[in-house]
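S.K.: Got a predicted model here, sequence first, then my questions.
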Protein chains: 2
Amino acid sequence: MNYKTIDNKDIECLKSIVSNDEERFLINENISEEYSHDELAGIKKMPDVVLKVKSAEEVSQIMKYAYENSIPVTPRGSGTGLVGAAVPVLGGIVIDMTLMNNILELDEENLTLTVEPGVLLMEIAKYVEDNGLFYPPDPGEKTATIGGNISTNAGGMRAVKYGVTRDYVRGLEVVLPNGEIVNFGGKVVKNSSGYSLKDLIVGSEGTLGIVTKATLKLLPLPDKSLSLLVPFPNLHMAIETVPQIIKAKVIPTAVEFMEKEVILASEQYLGKKFPDHASGSYLLLTFDGRSKKEIELTYDHVAKICLECGALDVLISDTEERQTSIWQARGSFLEAIKGSTTDMDEVDVVVPRNKIAEFVEFTNELEKTIGIRIRSFGHAGDGNLHVYILKDELDDAAWKQKLNAAMDEMYKKSNELSGKVSGEHGIGYAKMGYLEKSISKETLDLMKGIKLAFDPKDILNPKKLF
Amino acid sequence: MNYKTIDNKDIECLKSIVSNDEERFLINENISEEYSHDELAGIKKMPDVVLKVKSAEEVSQIMKYAYENSIPVTPRGSGTGLVGAAVPVLGGIVIDMTLMNNILELDEENLTLTVEPGVLLMEIAKYVEDNGLFYPPDPGEKTATIGGNISTNAGGMRAVKYGVTRDYVRGLEVVLPNGEIVNFGGKVVKNSSGYSLKDLIVGSEGTLGIVTKATLKLLPLPDKSLSLLVPFPNLHMAIETVPQIIKAKVIPTAVEFMEKEVILASEQYLGKKFPDHASGSYLLLTFDGRSKKEIELTYDHVAKICLECGALDVLISDTEERQTSIWQARGSFLEAIKGSTTDMDEVDVVVPRNKIAEFVEFTNELEKTIGIRIRSFGHAGDGNLHVYILKDELDDAAWKQKLNAAMDEMYKKSNELSGKVSGEHGIGYAKMGYLEKSISKETLDLMKGIKLAFDPKDILNPKKLF
């Protein structure tokens, strides 16, 4: 593909689309370095221009212009991604979606919330909870935009019971690469009217279209919730307990696992004590429901299973304060690990949930054989692990070599266990090679064919996914 | 597209794929007339050959042969569809999937069931319930195959609380039009690894690939369930109650509406009395949960709302026998209506659930203005209506004219209400024109582009969807 380099005429035309507003049209030294990278992926590239849009109409006009002139465009939300999906690797235009941050409609009769893509996850959670309603997806990064969540099909803690972002997206307004504005899905609960283009956009990491409006499914807010912190002598015993809980036909809201080292890092990072850090490993479980009685039945059962599987204790957090403090610690793990080292990269594989123990033990072995510090935590209840490979005092050459070796081994292992490259962070730029290795040529060709149908000039978020 | 007419050489080659087994290779007078149509759509066409396959490998070989020779292929399950999706409108090959009817694996640690596509919905329900587990999708037609359910993204009664087939399909093995066997998704709970081809296959009505294996998500079986039959003086009052229930932050498992006339037809058809048929309209609600106590809290609340909204009574069915009898009656509505007339066609629109009353009242008006008998029932809780237009004693010309007039008006109204052409029965052959009218040219072009990426020779289920 031959892309056009942005010239003065392009600059004038693009600037006029955002009403020549200097605060919404950034160029040269006005573009913050932040726009060149995301939260983690080791790739940086500055865009030529940044447009901070306020409407689908503006996005449409920008795309029409870019399409006619073959200029690459990369959409960006909060920039909290971990795989470089929002990095403009070919330069060109970045469309910053964060000013499209209005909550448009709460429809209590259809239990839907319609929002612009720049609304933050934490804003949605608060808004619906204030109205006695519940948006279940709960990724760790609460400052992500909902547009970003939709683009990566973000999962989060509560996927065990409630599923992932895809399950809560009912309808989307999307600007196509050629600038046309289309609507997929709607407020309807069922739909069997042709191919589900809505489901194709969810998880497509901004490569097929730009989401400019989303209608989300809500649930009634559970009245009560309660967390259990369960210490185990070692990781193996902790994780092997999870399939036993599932087999007992109980579905907790969330089941996270954590190791002592990560808890200590978090205590240091937050300057706060965790309720317990004496044991090797922990499961953190949450239960929710309509009444305390209902939850008690469930957690009693689970507590017994944990003890039978070798748990050292079962610590109940039934006040909001205690729960918040534990989950705050859990929410700080990524930052705490990041703060403990010089550089790091991550693996976000998902495996069938009865294979997690095998995978985590494999990474612990790698730590020794490769000689690199590895820390992991994650969603034990849904098989989605977050494994961090840490640079510490390694020189650049050794870091690169050991990091690649560790990643190669982990993705190979995940494939062996019928896992997937990414559970929720996506492929972006950083994991392209691993995606290609994990799927068949036929599957890859289908994905390329779909991209071609949406974006024949390959101008929207090029060089991502494959 | 130029298709090849099947000749003697093709017959020999295709026959050898199913081991020259005369019972699995049907031709000429051995092909039952059943293969020329489905349950309802007014389209008939006999295939040239029928192959009853036993494995993905056989499907793959057939598709490879058909692809090389440009022969149209139509996959078929139980033939219970209502829109002609399984009718071989261009002749050629029908692949009958019903012998691929093995339940392959129940994985209690990952809560999944892996099945071949020819397993019937009723067989899945029984098998998992015998194991204390639950496959929530519950379409009225229990003799449909799961492959058919996946192809139409079937919804059913319990979509209000539990969602539709799509929400329970974790992984698919699919034979592509060129004969390649691919796997999309898997046992994993989360996935953000490229475009969701699994979600593209779900609801694609056999036009993109043939499902040869499916891994389904299960839930723990609810311990208790209970139904309420709630008579109302008229339909308007019954249906207007539904958004009030939803607004009260209660989610029943199912909410169906029915009118007196349909109940009377069902009584006649089954030769059994319905618990009540004195009132104009009814809501039938089900609640399920882990304990009787939990359900009671919910239904008490809902019963009060119903009475406040003008319900004449609330009849509780808490024994399995009484519940079965009511739901059996509900399950017979389609057959009962069919038995009451000479011919009929249906409209399966879905509208936002607070628009159902408006839509049903509109169809009742049409009955008068067009002068044709119309009966409807359906899923009040999820906005999916089944409206039947009945021929009775009309001559063919009048029937065709009035049917088309009624359908045109209904689809126009559904569009006005932000509804969709089909909630769960699909587009198939019969509703193509209405789909094209309801979506934008850009959306249609995207669907065509996707079809082209999967099936460049347009041999798999051609002349369907668009």
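M.R.: Perfect, thanks for sending it.
S.K.: Helix or strand next in line after the top helix by length along chain A, which one?
M.R.: If you go by DSSP state H, chain A has its longest helix at helix A:396-416. For helix A:396-416, the following helix or strand on the C-terminal side (DSSP states H and E) is helix A:432-438.
S.K.: circling back: and chain B, is the longest helix of chain A touching that?
M.R.: No. Contact of helix A:396-416 with chain B (Cβ under 8 Å from any Cβ of the partner chain) is absent, the minimum separation being 9.9 Å. For glycine as for every other residue, the C-beta is placed from the backbone atoms N, C-alpha and C.
S.K.: which non-adjacent residue is nearest residue A:234?
M.R.: Once flanking residues are discounted, residue A:234 sits nearest to residue A:280: 4.7 Å by Cβ to Cβ, 6 or more residues apart in numbering or on different chains.
S.K.: quick one: average confidence on the longest helix of chain A?
M.R.: Here helix A:396-416 scores 96 as its mean pLDDT.
S.K.: And the contacts of that helix?
M.R.: A:343, A:345, A:347, A:349-351, A:359, A:362-363, A:366, A:370-372, A:374, A:387, A:389, A:391, A:394, A:420-421, A:434, A:437-438 (Cβ atoms under 8 Å, 6 or more residues apart in numbering or on different chains).
S.K.: How about that helix, which residues are buried there?
M.R.: Buried residues in helix A:396-416, counted by 16 or more other Cβ atoms under 10 Å in any protein chain shown: A:399, A:402-403, A:405-407, A:409-411, A:413-415.
S.K.: Closest to chain B out of those residues?
M.R.: Taking Cβ to the nearest Cβ as the measure, chain B lies nearest residue A:414 of the buried residues of helix A:396-416, at 9.9 Å.
S.K.: wait, doesn't residue A:55 sit right on residue A:100?
M.R.: Yes. Counting by Cβ atoms under 8 Å, residue A:55 does reach residue A:100; the two are 7.1 Å apart.
S.K.: which residues do the two both contact?
M.R.: Between them, residue A:55 and residue A:100 share the contacting residues residue A:212, judged by Cβ under 8 Å, 6+ apart.
S.K.: Just the mean pLDDT for whatever helix or strand residue A:241 lives in, thanks.
M.R.: Per DSSP H and E: residue A:241 is located in helix A:235-247. Computed over helix A:235-247, the mean pLDDT rounds to 92.
S.K.: Now the element after it, going C-ward?
M.R.: Next element after helix A:235-247 (DSSP H and E): strand A:254-259.
S.K.: report the angle between the axes of that next one and helix A:235-247?
M.R.: Relative orientation of strand A:254-259 versus helix A:235-247 (axes from the mean of the first three to the mean of the last three Cα atoms, to 10 degrees): 170 degrees.
S.K.: List the buried residues of the next helix or strand after strand A:254-259.
M.R.: Proceeding N to C from strand A:254-259, the next assigned helix or strand is helix A:260-270, under DSSP H and E. By 16+ other Cβ under 10 Å, the buried positions in helix A:260-270 come out as A:260-263, A:265-267, A:269-270.
S.K.: Which other helices and strands does helix A:260-270 contact?
M.R.: helix A:320-331, helix A:333-339, strand A:373-379 (3 or more Cβ pairs under 8 Å, 6 or more residues apart in numbering or on different chains; DSSP states H and E).
S.K.: Let me see the residues that make contact with it.
M.R.: Residues contacting helix A:260-270 (Cβ under 8 Å, 6+ apart): A:273-274, A:277, A:279-282, A:328-330, A:332-333, A:335-337, A:339-340, A:375-377.
S.K.: Using CSV, write out every CA atom in it.
M.R.: Output in CSV follows, covering the C-alpha atoms of helix A:260-270 (Å, rounded to 0.1, in the frame of the first residue of the first chain):
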residue,chain,number,x,y,z
LYS,A,260,2.9,-13.6,48.0
GLU,A,261,5.6,-11.7,46.0
VAL,A,262,2.9,-9.7,44.1
ILE,A,263,1.1,-8.9,47.3
LEU,A,264,4.3,-7.6,48.9
ALA,A,265,4.9,-5.5,45.8
SER,A,266,1.4,-4.1,46.1
GLU,A,267,1.8,-3.3,49.8
GLN,A,268,5.0,-1.4,49.0
TYR,A,269,3.4,0.4,46.1
LEU,A,270,0.2,1.4,48.0
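S.K.: gap between it and the chain center?
M.R.: Its chain's average C-alpha position is 22 Å from that of helix A:260-270, according to Cα atoms, centre = their mean, to the nearest Å.
S.K.: so how far is residue A:436 from the nearest residue to residue A:131 once chain neighbours are set aside?
M.R.: The shortest distance from residue A:131 to any non-neighbouring residue, by Cβ to Cβ, 6+ apart, is to residue A:106 (6.1 Å). Distance from residue A:106 to residue A:436, counting by Cβ to Cβ, to the nearest Å: 42 Å.
S.K.: for residue A:365, same thing?
M.R.: For residue A:365, the distance to residue A:436 - Cβ to Cβ - is 26 Å.
S.K.: In terms of neighbours, single out the busier of those two.
M.R.: Comparing residue A:365 with residue A:436 by other Cβ atoms under 10 Å in any protein chain shown, the one with more neighbours is residue A:436, at 17 against 12.
S.K.: residue contacts, that one?
M.R.: So residue A:436 contacts A:444, A:466 (Cβ under 8 Å, 6+ apart).
S.K.: pLDDT value on it, please?
M.R.: For residue A:436, the model assigns a pLDDT of 96.
S.K.: and what of residue A:41?
M.R.: For residue A:41, pLDDT reads 67.
S.K.: Could you do residue A:272 as well?
M.R.: pLDDT, residue A:272: 87.
S.K.: how close does it get to residue A:281?
M.R.: Distance from residue A:272 to residue A:281, counting by Cβ to Cβ: 20 Å.
S.K.: was I right about residue A:168 contacting residue A:202?
M.R.: No. Here residue A:168 lies out of contact with residue A:202, judged by Cβ under 8 Å, at a distance of 9.7 Å.
S.K.: out of the two, which sits in the more crowded spot?
M.R.: Just comparing residue A:168 and residue A:202: by other Cβ under 10 Å the higher neighbour count belongs to residue A:202, 29 against 23.
S.K.: Which elements pack onto the one helix or strand residue A:63 maps to?
M.R.: Assigned by DSSP H and E, residue A:63 belongs to helix A:56-69. Other helices and strands packing on helix A:56-69, by 3+ Cβ pairs under 8 Å, 6+ apart, are helix A:8-17, strand A:73-76, strand A:93-96, strand A:169-175, strand A:181-185, strand A:210-217.
S.K.: Specify the angle between that helix and strand A:210-217 in degrees.
M.R.: Using the same axes, to 10 degrees: helix A:56-69 against strand A:210-217 is 140 degrees.
S.K.: and helix A:56-69, average pLDDT?
M.R.: The model assigns helix A:56-69 a mean pLDDT of 98.
S.K.: Tell me which residue of the stretch 301-450 of chain A lies closest to chain B.
M.R.: For the stretch 301-450 of chain A, Cβ to the nearest Cβ, closest residue to chain B: residue A:449, 2.6 Å.
S.K.: Thought residue B:453 was touching that residue, still the case?
M.R.: Yes. Counting by Cβ under 8 Å, residue B:453 is a contact partner of residue A:449 at 2.6 Å.
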